[in-house]
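Q: structure here, sequence nowhere to be found:
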């Protein structure tokens, strides 16, 4: 059962990463600038938000 739980957590995190990345890429430039986000580094921002690394 640990394997299934681990696979489920991994799939959930991957889905959260994809969702976060999609939202960051869709964000208007003005909003990103207002929040001091570097959209060129959207993958890194999403990774840190979801995985903490």
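A: Arrived safely. Here the structure is a predicted model, which is why all the values come from computation and not from measurement.
Q: rest of the way, CA atoms for contacts and neighbours
A: Fine.
Q: in this structure, which residue is most central in space?
A: By CA atoms, centre = their mean, the mean C-alpha position of the chain lies nearest to residue 46, the distance being 2.7 Å.
Q: check which helix or strand that one maps to.
A: helix 42-51 (DSSP states H and E).
Q: mind giving me the packing neighbours of that helix?
A: The contact analysis (3 or more CA pairs under 8 Å, 6 or more residues apart in numbering; DSSP states H and E) places helix 42-51 against helix 2-26.
Q: thinking residue 43 is in contact with residue 22, fair?
A: No: using CA atoms under 8 Å as the test, residue 43 is too far from residue 22 to be in contact (9.5 Å).
Q: quick one: which of these two has more around it?
A: Set residue 43 next to residue 22 and count neighbours by other CA atoms under 10 Å: residue 43 wins out with 17 against 14.
Q: how far away is the more buried one from residue 52?
A: 13 Å (CA to CA, to the nearest Å).
Q: same deal with residue 16?
A: From residue 16 to residue 52 the distance is 12 Å (CA to CA).
Q: more neighbours, those two?
A: Each of residue 16 and residue 52 has its neighbours counted (other CA under 10 Å); residue 16 has more, 17 against 8.
Q: related to what we said a few turns ago, wait, the residue nearest to the centre of the chain sits on residue 22?
A: No: with contact defined as CA under 8 Å, residue 46 does not reach residue 22; the gap is 9.1 Å.
Q: quick check: which ranges of the protein have low pLDDT?
A: Judged against pLDDT under 70, the chain has no low-scoring part.
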